[in-house]
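# what's the 3D shape of this:
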Amino acid sequence: MKKFKVFVRGENFLVNVDDVKKKLGFYTTRFVEAQDEEAAEYAVMDMLRGDLAEQVLNDRSDSPMMYAEKVEELDSFAGFPVPGTGFSFYTDKEEED
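Next up is the predicted model:
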């Protein structure tokens, strides 16, 4: 199996922040083993859906979105926090208006 580093951008995530519903976006990096870039992207998206499932409050008509901004094959995971943790959240543009 090949090793991949996947940088993901999320947007339109309605979450509860200090008892206030806010739309946020995020950036995060995850590391996975997969057969190819496409499989790595799918694996990371599934991982993130699981990580965020209990926090996301969106209606089905206003779904959040995630995009693999960069998928990079690595020689090894040495020095990387596998599978990766944390999110860098930001206020979604719609929320600022």
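
# switch to C-alpha atoms for all contacts and neighbour counts from now on
Noted.

# for residue 31, give the beta-bridge partners.
According to DSSP bridges, the residues that bridge with residue 31 are residue 5.

# what pLDDT does the model give residue 96?
Among the per-residue scores, residue 96 shows a pLDDT of 54.

# checking residue 49 next. Helix, strand or coil?
For residue 49, the reduced secondary structure class is helix; criterion used: DSSP: H, G, I helix; E, B strand; the rest coil.

# so who does it touch?
Applying C-alpha atoms under 8 Å, 6 or more residues apart in numbering, we find residue 49 in contact with no residue.

# try 10 Å
Residue 49 sits next to 56, 66 when contact means C-alpha atoms under 10 Å, 6 or more residues apart in numbering.

# so how far is residue 58 from it?
In this structure, residue 49 and residue 58 are 13 Å apart, going by C-alpha to C-alpha, to the nearest Å.

# what is in contact with those two at once?
Overlap between the neighbourhoods of residue 49 and residue 58 is empty, taking contacts as C-alpha under 10 Å, 6+ apart.

# and for stretch 50-57, what's in contact with it?
Stretch 50-57 is contacted from outside by 12-17, 21-23, 44-45, 49, 63-64, 85-86, using C-alpha under 10 Å, 6+ apart.

# how about residue 75, nearest residue that isn't a chain neighbour?
The spatial neighbour of residue 75 that comes closest, neighbours along the chain excluded (C-alpha to C-alpha, 6 or more residues apart in numbering), is residue 3 at 6.7 Å.
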